[in-house]
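1. here you go, sequence then predicted model.
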Amino acid sequence: MANFTKDQIIFRGEGRYRLVRVQDDVAYLENTVTGELSNHSEADLLEEYLRGYLRTVNSKQYQRPPSYSVVKDALEAATSSVKLGDFETRRRVNYLVMLDRLGALDGSRYALRRAIQSVAVELNDIKPPHETTIYRWRRRYRLAKFDVRALLDGTNRRGGKGESRLEPAVEGIVLEKIETAFLNSKRGTAEDVYNAVFLEIQRLNTTRIESEWLKVPGLRTIQRRIQGIDAFERAVARYGEREARRRFADQFCARKVTRILEIVEIDHTPMDVMYTDAEGRVIDRPNFTVVLDRLSRCVLGFCISSAGHGVHAVFEALRHSMMPKSYLRERFPELLLEWPCHGWPERLLMDNGREFHARAVVDALTNLGVVCEYAASRDPNDKPYVERFLRTFNYAFVHKLPGTTLAKVHQRIGFKSEDEACITFEQLNQMVHVWITSVYHLRPHKGLHGRAPLDVWKESAAAYPPLLKCNADDLSIEFGEFAESAVQHYGIDLNTFRYASPELLTLRAMLPAKQKVQVKAPYENAGLIWVWDPFDNKYITAYNTDERYNNLTVEQAKALRRGYKTSDVHQRTRANGEEWIRERANEAMQSKKLATRKQGARQAQTTSKSANRPWPPAPDVQVANLPRTLTPDSDELSDFEAESINIEVKHENQ
């Protein structure tokens, strides 16, 4: 291939490639980032070069070599490239070209003077240049190696432009009166400023001798000073910053990005639809948390939750966005869904909700190497893409489902959302997957110049492939509640529960007295916590001393503890924690009151977590196997606890 050479670096879109070899008009390219090899025909590469998709240099700027040796040819070729509006530059070029044609540049000064007069008549120039000026132009042009840019007019760069010629005292008075008489007034004019400046200078001149009197500037000078004030600054001074931002809203655009995962936005919204249980009873209107990539507009992950939009929803949406969507084939085998969007973001842009400012979120993202950024208050242009997506999500998808509540109350005339609801939570989760992967990601996007978000993602991913920066188990640890607690002789007290393990006792013996340790507690399992070991730089596991709370969320475990205190003995002995929570949640969701059904869905922790990823069960830990110092305060188990454990062991053996 004569068009390219071996080991040449070329650019295709955002990707950087190296030409490995050429054989039979087929070029083998290597991605310099991923090392992926691809073969392309010479005709295809030349077509990409003509379209501008393939480039030999990454920058669009180039150097023009000085290839002219003759003054006439160089000037005539460069005359067409000079800006037409620059009259002085064209005038210089015309004089040099016409004088070179007459041969007067190499003759005597007298002959040059005569030639300049004839050229001036032809160009209709009233004031022709002196022969010394012509010699200076030609010398400057030759020193620049025949670059026509040496003849460009530079009068706008002369000294004094933009600098005040007034005395410093007068200049200070003018600026002060512009601030007080013009900017701070709703209807101030230049004449008001001029009168204020005149009176102030007259007052100062009464204290000076006549030789040191200050000169009053003219009205035109005041008008030029006012015209030089920025339009935005003038609007801020007269109408306030908020009104000025509204008037100049198109100037405050969102920050631009050049690659995927450079800035990722996250936000919540209530879904405008009611879902039901398997028997058709309306349960709740869930919350939707979404993570969106700013460059490609692709959805990285989401979380549908009836348990609120707190920290647990933020963590679940982030985990869904960072991890590959390998569960799609197993969960939805009948649907051919493609969702390659995942990876670690560089910066996460959030609003100022308290769940985003939680210490657990900040600590987890810091440990994962993600920069936390917060959108400015009352500034919609700082986080616009996820806000616009949520509107599209509700208006283009959710509002077309049965049981929709629409966006406004006055739009719900003539029907009740509860009567039309028929979609279960599992069906709703599946529909969201299908709409995102098969509709939204493949639909031409106006903000992407008519391209589909998935195409933009794949193109940028070829140049900047997404990375998995830590293990999945480490991600589960980081996405937990953060706390600092002291290690007691019986373990750690957290969320009104006690956690213990032999490794924790060993760590307590090595720590100073009353030294606190950092703890990560998973929201979805109150049966264990992770404690940071500062000596080995790793997390050690501590288990709940009461195994009835294994595989229950912290909220469910607390509700179970309250239920144990109020329920009868027979109910406590026949039901373990999971069964008790399930019974209570089912009873609540069968209630005739919508508020009670919502409370039951929240207590049952109805989220898309179970559908979007498998959650491994917590390891079984028997209270009897723990050291005596790790058991609760009483030395012996109560009759109720012993009976409960015996019943559960018999149930497992059967």
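-> Received it, and whenever you're ready, just let me know what you need.
2. so where is the protein shaky, pLDDT-wise?
-> 1-2, 58-86, 156-162, 249-253, 380, 563-595, 597-605, 610-611, 613-654 (pLDDT under 70).
3. ok, now which residue in it is the farthest from the centroid?
-> Going by C-alpha atoms, centre = their mean, the residue of the chain most distant from its centre is residue 110, 70.5 Å out.
4. is that one in a helix, a strand, or coil?
-> helix (DSSP: H, G, I helix; E, B strand; the rest coil).
5. give me the most central residue, this structure.
-> residue 263 (2.7 Å).
6. does it touch residue 345 like I think?
-> Yes. With contact defined as C-beta atoms under 8 Å, residue 263 counts as touching residue 345 (7.4 Å). Any C-beta I mention is one placed from the backbone N, CA and C, and that applies to glycine too.
7. can you give the distance of whatever helix or strand residue 460 lives in from its chain's centre?
-> Per DSSP states H and E, residue 460 falls inside helix 453-463. From the chain centre to the centre of helix 453-463 is a distance of 16 Å (C-alpha atoms, centre = their mean, to the nearest Å).
8. just the residues contacting it, thanks.
-> With contact meaning C-beta atoms under 8 Å, 6 or more residues apart in numbering, helix 453-463 is reached by 13-16, 31, 33-34, 36, 259-260, 293, 295-298, 338, 340-341, 440-443, 445, 448.
9. same question for the helix or strand that it is followed by: list its buried residues.
-> Helices and strands here follow DSSP H and E; after helix 453-463, the next one along the chain is helix 472-478. Of the residues in helix 472-478, 475, 476, 477, 478 count as buried by neighbour count, 16 or more other C-beta atoms under 10 Å.
10. sorry, back to before: show the buried residues in the contacts of helix 453-463.
-> 14-16, 31, 260, 293, 295-298, 341, 440-441, 445.
11. and these, which two are the farthest apart?
-> 16 and 440 (29.8 Å; C-beta to C-beta).
12. hang on, the earlier thing: please report the distance of the nearest residue to the residue nearest to the centre of the chain once chain neighbours are set aside from residue 260.
-> Counting by C-beta to C-beta, 6 or more residues apart in numbering, residue 263 lies nearest to residue 294, which is 4.4 Å off, once chain neighbours are set aside. Distance, residue 294 to residue 260, using C-beta to C-beta, to the nearest Å: 9 Å.
13. what's the answer for residue 445, then?
-> From residue 445 over to residue 260 (counting by C-beta to C-beta), the distance is 14 Å.
14. just residue 13 next, same as before
-> Taken as C-beta to C-beta, the span from residue 13 to residue 260 is 13 Å.
15. which strand residues bridge residue 372?
-> Note on residue 372: beta-bridge partners by DSSP bridges are residue 348.
16. what's the local residue count around it?
-> 15 (other C-beta atoms under 10 Å).
17. same question for residue 139.
-> 11.
18. distance of it relative to residue 133?
-> Residue 139 is 11 Å from residue 133, by C-beta to C-beta.
19. please apply the same query to residue 105.
-> Residue 105 is 13 Å from residue 133, by C-beta to C-beta.
20. with residue 198 instead?
-> Remark: distance between residue 198 and residue 133 (C-beta to C-beta) = 44 Å.
21. those two - which one has more neighbours?
-> Taking other C-beta under 10 Å, residue 198 and residue 133 do not tie; residue 198 has more neighbours (16 against 13).
22. just checking, the more buried one touches residue 216?
-> Yes. Residue 198 lies in contact with residue 216 (C-beta under 8 Å); the separation is 5.4 Å.
23. the helices in the stretch 401-550 of the chain, which residues?
-> 417-420, 425-435, 453-463, 472-478, 502-510 (DSSP state H, counting those that start in this stretch).
24. can you give me the buried ones in the shortest one?
-> By that I understand helix 417-420. For helix 417-420, by 16+ other C-beta under 10 Å, it's residue 417.
25. quickly find the element holding the closest residue to residue 460 other than its chain neighbours.
-> Using C-beta to C-beta, 6+ apart and skipping residues adjacent in sequence, the residue nearest residue 460 is residue 260, 4.4 Å away. Secondary structure assignment for residue 260, by DSSP H and E: no helix or strand.
26. show me what contacts residue 260?
-> By C-beta under 8 Å, 6+ apart, the contact set of residue 260 is 293, 295, 296, 298, 343, 457, 460, 461, 464, 466.
27. SS state for the third one?
-> In this case it means residue 296. coil.
28. what does residue 307 give?
-> coil.
29. was I right about it contacting residue 286?
-> No. Using C-beta under 8 Å, residue 307 is not in contact with residue 286, being 9.0 Å away.
30. overlap in contacts of the two?
-> residue 606.
31. which residue is the nearest non-sequential neighbour of residue 152?
-> residue 89 (5.3 Å).
32. burial measure for the one you found, as a count.
-> For residue 89, the count of nearby residues is 19 (other C-beta under 10 Å).
33. do the same with the one 4 residues further on
-> The local packing count at residue 93 equals 21, with neighbours defined by other C-beta under 10 Å.
34. for the residue nearest to residue 460, give its distance to residue 454.
-> Counting by C-beta to C-beta - residue 260 and residue 454 are separated by 11 Å.
35. what's in contact with stretch 28-42?
-> 1, 3, 9-10, 12, 15-22, 25-27, 462-465.
36. could you turn the buried ones of these into a PyMOL selection?
-> With 16+ other C-beta under 10 Å as the criterion, this PyMOL line picks the buried residues out of these:
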select buried, resi 1+10+12+15+16+17+19+22+27+462+463+464
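37. which residues in the stretch 101-250 of the chain form helices?
-> Using DSSP H, counting those that start in this stretch, helices in the stretch 101-250 of the chain cover 109-123, 131-143, 168-177, 190-205, 219-227, 231-239, 241-247.
38. distance to residue 530 added to these, as a markdown table?
-> Below are the helices of the stretch 101-250 of the chain laid out as a markdown table (distance: least, C-beta to C-beta, whole Å):
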| stretch | distance to residue 530 |
| --- | --- |
| helix 109-123 | 85 |
| helix 131-143 | 72 |
| helix 168-177 | 62 |
| helix 190-205 | 68 |
| helix 219-227 | 65 |
| helix 231-239 | 51 |
| helix 241-247 | 45 |
